[in-house]
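A.B. asks: need the 3D shape of this:
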Amino acid sequence: MENKALQEERNSAFDFDEWCELAQKNPEEFEERRRAAVEEVISSSSPGMQQRLRQLQWRIDMERRRCKNPMMSCMKLFDMMWDFVHAERGFLHAVNMLEQVASGTVPVVEEARGGVETAVLPFGSGRACSACKAGSHRCP
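C.D. replies: Numbers count the residues shown, from 1 in each chain. So this is what the prediction gives:
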């Protein structure tokens with residue numbers, strides 16, 4: 001709950017117009033504050049996520065540096081975001097696999113590493129509810 005409260009506080013404290021004005025009037029200050037805000041979010045994440053977030057932020061920063069202007073940077077990051085969603089093993093693929101597992105089917109992962117076809121096996125909680133004992137369904 002603490003993270004959710006912190007996130008709500010951050011969202012309510014964010015003033016888009018203030019940041020926009022700062023970017024126009026003092027780009028150096030804007031960049032410094034942007035980096036500090038990103039670092040604050042990463043640091044407030046779980047230790048297991050911090051490394052992944054830092055790697056993602058590094059990639060974002062590198063893409064921004066390669067671009068000649070802010071609009072090009074925005075378009076590149078937009079494309080990068082959609083690649084994460086629609087890529088062969090992207091977000092939609094993961095959601096689809098979770099839906100299959102939740103519905104009781106075993107999704108087949110094609111062309112896994114090494115070219116070997118694999119299956120994702122659902123593991124039960126080890127507890128059986130009354131419906132499971134009656135044989136009417138199986139708990140995840």
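A.B. asks: C-alpha from now on. contacts and neighbour counts both.
C.D. replies: OK.
A.B. asks: quick one: average confidence on stretch 47-62?
C.D. replies: The average pLDDT within stretch 47-62 is 93.
A.B. asks: would you indicate which residues of that stretch are buried?
C.D. replies: If you call a residue buried by 16 or more other Cα atoms under 10 Å, then stretch 47-62 has these buried ones: 50, 53.
A.B. asks: show me how this protein divides into domains.
C.D. replies: Domains of the chain are assigned by automatic domain parsing as 2-86, 91-134.
A.B. asks: what's the least confident stretch among those?
C.D. replies: In terms of average pLDDT, domain 91-134 trails the rest of these, at a mean of 68.
A.B. asks: ranges for the helices of the protein?
C.D. replies: Remark: helices assigned in the chain by DSSP state H are 2-13, 16-25, 27-43, 47-66, 70-86, 91-102, 130-134.
A.B. asks: for E63, which residues are in contact?
C.D. replies: Neighbouring residues of E63 by Cα atoms under 8 Å, 6 or more residues apart in numbering: 73, 76-77.
A.B. asks: once you drop chain neighbours, what's closest to F91?
C.D. replies: Take F91 and drop its neighbours on the chain: the residue closest to it by Cα to Cα, 6 or more residues apart in numbering is V85, 4.5 Å away.
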